[in-house]
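K.L.:
let me see the structure of the following:
(one chain, ligands or ions: 1)
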Amino acid sequence: MGQGPGAGRCLSSKLEILYLKSFSAILGCQWKVWGQTSVRLVSQVSPDNEPLTLASLGFKSDFEKTNKSKANKIERLDVSDEAPKSKLRSFGSNSIKAVKAVGAKKSLEIESAPFAAKSFSELGLPPLLLDRLDVAGFTVPTDVQSAAVPTILKGHDVVIQSYTGSGKTLAYLLPILSEVGPLKKKSPNGEGESGKKKEIDAVIVAPSRELGMQIVREVEKLLGPEDKKVVQQLVGGANRSRQEEALKKNKPAIVVGTPGRIAEISAAGKLHTHSCRFLVLDEVDELLSFNFREDMHRILEHVGRKSGADPRGSIAKWAARQTIMVSATVPYSVIRAARSWGSDPLLVQAKKVMPLESVAPSGPVNILKPTSGSESMRTQAALQSLPPALKHYHCVTKLQHKVDTLRRCVHALDAKSVIAFMNHTKQLKDAVFKLEARGIVAAELHGDLGKLARSTTLKKFRNGEVRVLVTNELSARGLDVAECDLVVNLDLPTDSIHYAHRAGRTGRLGRKGTVVTICEEPEVFVVKKLQKQLGIPIPACEFTEGKLNAFFRLLFALLIVYPGSKQHHQTSLLQSLYPDKRAEIAITRKVAKDMVVEMTVPFQRGVLCPTCHRRIDIATEADEMRR
Ligand SMILES: Nc1ncnc2c1ncn2[C@@H]1O[C@H](COP(=O)(O)OP(=O)(O)OP(=O)(O)O)[C@@H](O)[C@H]1O
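P.N.:
Now for the predicted structure:
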């Protein structure tokens, strides 16, 4: 730990002095004015940066030693595996399991993974599909898959919302493959519909070529080599006449493509989708953007329209299809669209399914412009879209030093696979040039590149030949590179939803990941807004001596432990702060003077309790005093 400057100032009660003394002894840091209970702690954060916990600060042992004699009855909540089953049960299925990451080159052990049901066989999938899942290495469904698969199999239109990297693609592919293609449930009399003119049964729309091809690969992984022709890509940039020939020759059951190309081939009469049963809109909030409007209109009008039906009527009257909308972030614009595109759609999240009507409007708040009172309505969509294991920092530098700061960040964290975001395509080339000049293998990825260049770049990034991928928003949406361990914002995202999608490129499926936002001094207020809207700590840091030095302003949460507070709230709070840690917390029930005081680990506002899904109330005396 770095030495903090100087000694603290006067403190109030004995108990606090005791706490702070034990902390100071451990941390050797400066205590600011106790009244603000904030402390400036300069600590070196090693690449395998362990988040601060009472245990890692050594607080618990000192605490217990010095407080043995205290009248306080200390109740130590140990959320480790040894804790009594009753306590572990309070986490529901959030207990820590070690699972192997599927498809990752090195079999990354994921300590705490977002899995719910115990196996795919519980979800009502056909035997052939279960076999294919097994062959592909998928053993346990994620939370969102456990919620989405049965809901879609029941025939509902859905909006699937779960944080990035939580397995939303399979959440919709599995029910589709249960109903169409060679792996589907056999009809009661056991024979397939041989000889029937093969129509397209499912259309999957994605906003970018990369995501479209990624989905095709995921389908092919399940279909196996002999049935690869069941799915056909219709992405822009590829040869259209070859795509039309393949449609004619292979008669695929599933097509995956970008809006422009799908609409183009449909308008040319080469894509017959009247009897289509499924329409999937992946990254649906992106598909709502203006540049896709025309194409999306055509797709929505034609896919699954009963022959002769008038599309001007209500969806229920003319669409024989199931509409599945997917995104990690579901701003209110998506809710509105879903209500008109789907027929009584349900909102499917990691652990719950609810009617879309019950969702409160909360659109993305553009952090660059002054916002109205809605600012207090934190963008729930963004908060729920962030993988819980991510660590976030920001680093202040001058514009001309940003790329060099990126280089030092990569070395300090010893990051192997980095995605750096910039807002303007023209800047990407210059950033790549500067990184290469300093010995870091980098490449640019953006929409102005040709199809071959884009796929080659992505391939090199996935196999580790390229260490830093410098890209912009669109080409990275939905991108799934399991090994990505660092995301850097070289330019600020326009709002918290864009921040969430960028951040979600790392920390996939329960892995650890770090997000560093490199900004100039005048932009720090934007980071603070992001921090507040997303309810996540984004402490300042710097990269010196090859290390990431984080400036933690630990706002100690005086966890007001009301006598009746739910025990699982305390453990859930810690579990959500440190999903991959065996966090421990010493809870003192004794009231020191007139308040129950407990200093605990840094807190996140409004943490949702994963057990009862209610916001855990945390009052910070510090904030109160500061107001
Ligand atoms: N049940 C599972 N078991 C193991 N790995 C899984 C499982 N489901 C998905 N994965 C893997 O997890 C990774 C992330 O999945 P996916 O890309 O579908 O996430 P996502 O929620 O769609 O992310 P984003 O919001 O960024 O699009 C993929 O590599 C996928 O193969």
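K.L.:
drop to CA atoms for contacts and neighbour counts, all remaining ones
P.N.:
Fine.
K.L.:
the helices in the stretch 351-500 of the chain, which residues?
P.N.:
Counting by DSSP state H, counting those that start in this stretch, one finds helices in the stretch 351-500 of the chain at the ranges 380-383, 402-412, 425-437, 451-462, 473-476, 496-503.
K.L.:
for the fifth one, packing partners?
P.N.:
It refers to helix 473-476. helix 209-223, helix 496-503 (3 or more C-alpha pairs under 8 Å, 6 or more residues apart in numbering; DSSP states H and E).
K.L.:
would you mark the buried spots in the helix or strand containing I299?
P.N.:
Using DSSP states H and E, I299 falls within helix 293-302. Using 16 or more other C-alpha atoms under 10 Å as the test for burial, helix 293-302 gives 295-296, 298-302.
K.L.:
hmm, who's touching it?
P.N.:
Contacts with helix 293-302, where a contact means C-alpha atoms under 8 Å, 6 or more residues apart in numbering, come from 259-260, 262-263, 273-274, 287, 311, 341.
K.L.:
alpha carbons of stretch 527-539, in PDB - could you do that?
P.N.:
The C-alpha trace of stretch 527-539 is given here as PDB (Å, rounded to 0.1, in the frame of the first residue of the first chain):
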ATOM      1  CA  VAL A 527     -17.400  10.500 -15.300                       C
ATOM      2  CA  LYS A 528     -19.000  11.600 -12.000                       C
ATOM      3  CA  LYS A 529     -22.400  11.700 -13.800                       C
ATOM      4  CA  LEU A 530     -21.800   8.200 -15.100                       C
ATOM      5  CA  GLN A 531     -20.800   7.000 -11.700                       C
ATOM      6  CA  LYS A 532     -24.000   8.400 -10.200                       C
ATOM      7  CA  GLN A 533     -26.300   7.200 -13.000                       C
ATOM      8  CA  LEU A 534     -24.900   3.700 -13.000                       C
ATOM      9  CA  GLY A 535     -24.500   3.500  -9.300                       C
ATOM     10  CA  ILE A 536     -20.900   2.200  -9.600                       C
ATOM     11  CA  PRO A 537     -17.700   3.500  -8.200                       C
ATOM     12  CA  ILE A 538     -15.300   4.800 -10.900                       C
ATOM     13  CA  PRO A 539     -12.400   5.900  -8.800                       C
END
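K.L.:
rewinding a little: would you single out the least confident of the helices and strands packed on helix 473-476?
P.N.:
Sorting the helices and strands packed on helix 473-476 by mean pLDDT places helix 496-503 lowest, at a mean of 92.
K.L.:
that one near the ligand anywhere?
P.N.:
No - using C-alpha under 6 Å from any ligand atom, helix 496-503 stays clear of the ligand, coming no nearer than 6.8 Å.
K.L.:
direction included, what does the helix or strand following that helix pair up with?
P.N.:
Per DSSP H and E, the first helix or strand lying C-terminal to helix 496-503 is strand 513-519. Its sheet considered, strand 513-519 pairs with strand 390-396 (parallel), strand 486-489 (parallel) by DSSP bridges.
K.L.:
highest average neighbour count across these?
P.N.:
A comparison of those by mean neighbour count, using mean count of other C-alpha atoms under 10 Å, puts strand 486-489 on top with a mean of 26.
K.L.:
now tell me what touches that one from outside.
P.N.:
For strand 486-489, the surrounding residues in contact (C-alpha under 8 Å, 6+ apart) are 406, 410, 415, 417-422, 502-503, 505-506, 513-518.
K.L.:
interface residues of the protein facing the ligand?
P.N.:
101-102, 138, 140-142, 163-170, 328, 478-480, 482, 504, 508-509.
K.L.:
just the buried ones among the residues you listed, please.
P.N.:
101, 138, 140-142, 163-170, 328, 478-480, 482, 504, 508-509.
K.L.:
phi, psi for the closest residue to the ligand within the stretch 201-350 of the chain please.
P.N.:
As assessed by C-alpha to the nearest ligand atom, the ligand sits closest to A328 within the stretch 201-350 of the chain, at 4.8 Å. When read as degrees, to the nearest 10, the backbone of A328 gives phi -70, psi -30.
K.L.:
show me where the protein dips below the pLDDT cut-off.
P.N.:
Low-confidence segments of the chain (pLDDT under 70): 1-116, 188-198, 306-319, 360-383, 551-627.
K.L.:
go with 50
P.N.:
Low-confidence segments of the chain (pLDDT under 50): 1-113, 192, 363-379, 552-564, 574, 577-605, 618-627.
K.L.:
sorry, back to before: do you know how far the residue of the stretch 201-350 of the chain closest to the ligand is from K251?
P.N.:
32 Å (C-alpha to C-alpha, to the nearest Å).
K.L.:
A482 too?
P.N.:
In terms of C-alpha to C-alpha, A482 sits 33 Å off from K251.
K.L.:
by proximity to the ligand, which residue of the stretch 351-500 of the chain wins?
P.N.:
G478 (3.5 Å).
K.L.:
OK, contacts around that residue?
P.N.:
Neighbour list for G478: 164, 211, 283, 501, 505 [criterion: C-alpha under 8 Å, 6+ apart].
K.L.:
circling back: could the helices of the stretch 351-500 of the chain be laid out in a markdown table, adding mean neighbour count and distance to Q322?
P.N.:
Listed next are those as a markdown table, based on neighbours: other C-alpha atoms under 10 Å; distance: least, C-alpha to C-alpha, whole Å:
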| stretch | mean neighbour count | distance to Q322 |
| --- | --- | --- |
| helix 380-383 | 24 | 24 |
| helix 402-412 | 20 | 45 |
| helix 425-437 | 16 | 37 |
| helix 451-462 | 17 | 31 |
| helix 473-476 | 19 | 26 |
| helix 496-503 | 25 | 26 |
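K.L.:
which among those is found nearest to K184?
P.N.:
Shortest distance between K184 and the helices of the stretch 351-500 of the chain, using C-alpha to C-alpha, is found for helix 451-462: 31.1 Å.
K.L.:
what angle separates the closest one from helix 209-223?
P.N.:
Here helix 451-462 points in a direction 70 degrees away from that of helix 209-223 (axes from the mean of the first three to the mean of the last three C-alpha atoms, to 10 degrees).
K.L.:
keeping just the C-alphas, turn helix 451-462 into PDB.
P.N.:
Extracted as PDB, the C-alpha positions of helix 451-462 are listed here (Å, rounded to 0.1, in the frame of the first residue of the first chain):
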ATOM      1  CA  LYS A 451     -15.700  -7.100 -45.200                       C
ATOM      2  CA  LEU A 452     -12.500  -9.000 -45.600                       C
ATOM      3  CA  ALA A 453     -10.500  -6.500 -43.600                       C
ATOM      4  CA  ARG A 454     -13.000  -6.500 -40.800                       C
ATOM      5  CA  SER A 455     -13.200 -10.300 -40.500                       C
ATOM      6  CA  THR A 456      -9.400 -10.600 -40.700                       C
ATOM      7  CA  THR A 457      -8.900  -8.000 -38.000                       C
ATOM      8  CA  LEU A 458     -11.500  -9.700 -35.700                       C
ATOM      9  CA  LYS A 459      -9.900 -13.100 -36.300                       C
ATOM     10  CA  LYS A 460      -6.500 -11.800 -35.300                       C
ATOM     11  CA  PHE A 461      -7.900 -10.100 -32.200                       C
ATOM     12  CA  ARG A 462      -9.700 -13.300 -31.200                       C
END
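K.L.:
please consider this matter closed, and thank you.
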